[in-house]
Structure formats: C-alpha cells, structure tokens
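Engineer: using only what follows, build the 3D model:
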Amino acid sequence: MSNDTNQANPNGHGSFERRDVGIAGVLYFLLGLAVLGFVASLVVTGLFHYLDKRTEAQQTPVSPLVTNAPKDTRHLPPEYNGNYQQYLQKNFPSPQLEIDERTELNKDRLREEQTLSTYGWVDENAGVLRIPIDRAMDLIAQRGLPVRAGAAAAEAPVTSKTKGNIK
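Structural biologist: Prediction:
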C-alpha cells in the first residue's frame with residue numbers, strides 16, 4: 001500500500017467543474033421569488049382591509065349629541081396644515097396626551113420657578129401675597145417659628161421676637 005496521492009489531472013493542476021450553473025435556473029428562481037413576494041403583499045393588504053372593516057363595524061356608535069365627530073382620527077384634516085397641537089386643542093377634551101414631554105416639563109419647571117422666586121398675589125380680594133422662598137427663609141430665621149401657647153409655657157421661652165414691617 002502506498003501513501004502517494006493520485007491526481008486526476010496528469011499535468012499536476014487541480015481539477016475544476018466542467019459545467020457552469022445554468023442561468024435559466026437562477027432566473028426562474030428570482031422570478032418565482034418576485035411572484036411570491038407580490039402575492040404575499042396582496043394577501044397582507046387584503047387582510048389589513050378586512051380587519052380594518054371588522055374593527056370599524058365593532059366600534060360603539062358615536063353619541064347623537066356629538067356634532068363634529070371626525071371619521072378618521074389617524075390623519076390630520078387639511079385645514080390644520082400639520083399643526084398637531086391646534087388639532088388636539090380643538091377636537092379633544094382635557095386631559096390631552098403629551099406631545100413633547102421635555103418641553104412641557106421645562107415649561108412647568110420654569111413656571112414653578114417663577115412662582116417661587118417672585119412677589120405676587122395669591123388672593124387679591126383677601127389681601128394674601130406670596131413672597132420669594134429666599135425672603136421667607138430669611139424671615140423665619142430672623143423671627144423664629146411660631147409655637148402654640150400651651151407648648152410655649154412648657155418649653156424655654158423664645159429669645160427674641162421681632163415685630164415690625166416685612167422687608
């Protein structure tokens with residue numbers, strides 16, 4: 001028995017495939033793939049329309065008191081020109097969905113900061129004002145916290161109470 005390899009080609013070169021792949025088979029495969037893709041898109045479109053009609057049939061009827069009920073709320077009507085905020089304010093009651101959470105949160109924070117850091121009326125008829133937090137903390141540090149009359153006798157007396165105008 002010998003360990004020598006026997007080459008099929010006597011010239012020493014490796015062998016190769018003697019016939020090529022038929023182009024007709026590749027073209028038939030691609031054509032079949034395109035036809036199946038087209039048929040699948042038709043089936044999916046038909047299924048979507050069937051389910052859409054079925055969902056519309058199962059919807060509860062709109063109250064007869066509603067006069068301007070839109071048929072389809074998935075698309076903005078042309079009179080709004082893509083202004084989603086205006087469309088929501090006119091057609092939907094509160095509370096409404098948030099459009100841009102970050103912007104709305106920033107607006108709320110700025111409004112709160114403005115309220116907490118400025119002077120203003122809380123109730124003008126009753127004569128109730130609000131003062132900035134920094135000023136309120138200074139006044140509390142200056143005057144001390146209020147205590148009840150019964151608790152004041154049991155505890156040590158407050159060292160100083162300032163009477164006068166609020167500055």
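
Engineer: low-confidence stretches in the chain?
Structural biologist: 1-18, 68-73, 151-167 (pLDDT under 70).

Engineer: try it again at 50.
Structural biologist: 162-165, 167 (pLDDT under 50).

Engineer: mind listing the helices in it by residue range?
Structural biologist: For the chain, applying DSSP state H gives helices covering 23-58, 84-91, 101-116, 133-143, 149-154.

Engineer: what's the closest of those helices to Val66?
Structural biologist: helix 84-91 (10.9 Å; C-beta to C-beta). Backbone N, C-alpha and C define where each C-beta goes, glycine included.

Engineer: output the contacting helices and strands for that closest one.
Structural biologist: Judged by 3 or more C-beta pairs under 8 Å, 6 or more residues apart in numbering; DSSP states H and E, helix 84-91 is in contact with no other helix or strand.

Engineer: may I have that helix as CSV, with CA atoms only?
Structural biologist: C-alpha atoms of helix 84-91 as CSV (Å, rounded to 0.1, in the frame of the first residue of the first chain):
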residue,chain,number,x,y,z
TYR,A,84,-51.0,68.7,15.7
GLN,A,85,-51.2,70.9,18.8
GLN,A,86,-54.0,73.0,17.3
TYR,A,87,-55.8,69.9,16.2
LEU,A,88,-55.7,68.4,19.7
GLN,A,89,-56.9,71.5,21.4
LYS,A,90,-59.9,71.9,19.1
ASN,A,91,-61.0,68.3,18.8
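
Engineer: quick check: buried residues in it?
Structural biologist: 87-88 (16 or more other C-beta atoms under 10 Å).

Engineer: in TSV: the helices of the chain, plus distance to Arg74.
Structural biologist: As requested, these are exported to TSV (distance: least, C-beta to C-beta, whole Å):
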stretch	distance to Arg74
helix 23-58	10
helix 84-91	12
helix 101-116	22
helix 133-143	46
helix 149-154	64
